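Chemist: only geometry, no sequence info:
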């Protein structure tokens, strides 16, 4: 399962649609347990790195992302 990390930014629906179009099972999730159990992760990029990191920390995703 490919997990597209929802940290409150990015065009997640378009990323998911592209991954599914390529033939993969994909889920959008901001749940840390989903991040830890994913076979593959996609962390969509955004223009503001600082704001992205603030959102990642606020949603308790930093530790799962760095240990996955």
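Modeler: In hand now; what should we look at? Treat the numbers as computed from the prediction; the structure is a model and nothing was measured. Numbering: from 1, shown residues only.

Chemist: Return the distance of stretch 36-53 from the chain's centre.
Modeler: 5 Å (Cα atoms, centre = their mean, to the nearest Å).

Chemist: Quick one: residues contacting residue 48.
Modeler: Applying Cβ atoms under 8 Å, 6 or more residues apart in numbering, one finds that residue 48 lies in contact with residue 9. Quick note: C-beta positions are derived from backbone N, CA and C, even for glycine.

Chemist: ugh, wrong one, I meant residue 45
Modeler: Residue 45 touches 10, 52, counting by Cβ under 8 Å, 6+ apart.

Chemist: if I've got this straight, it is in a helix?
Modeler: No: under DSSP: H, G, I helix; E, B strand; the rest coil, residue 45 sits outside any helix and is assigned coil.

Chemist: Touching, residue 59 and residue 9? I think so.
Modeler: No: Residue 59 is not in contact with residue 9 according to Cβ atoms under 8 Å; the separation is 10.6 Å.

Chemist: what about the chain, any weak spots by pLDDT?
Modeler: Applying pLDDT under 70 to the chain picks out residues 68.

Chemist: Tell me the bridge partners for the residue nearest the centre of the chain.
Modeler: By Cα atoms, centre = their mean, the chain has its centre lying nearest to residue 5, at 1.1 Å. With beta bridges defined as DSSP bridges, residue 5 has these partners: residue 29.
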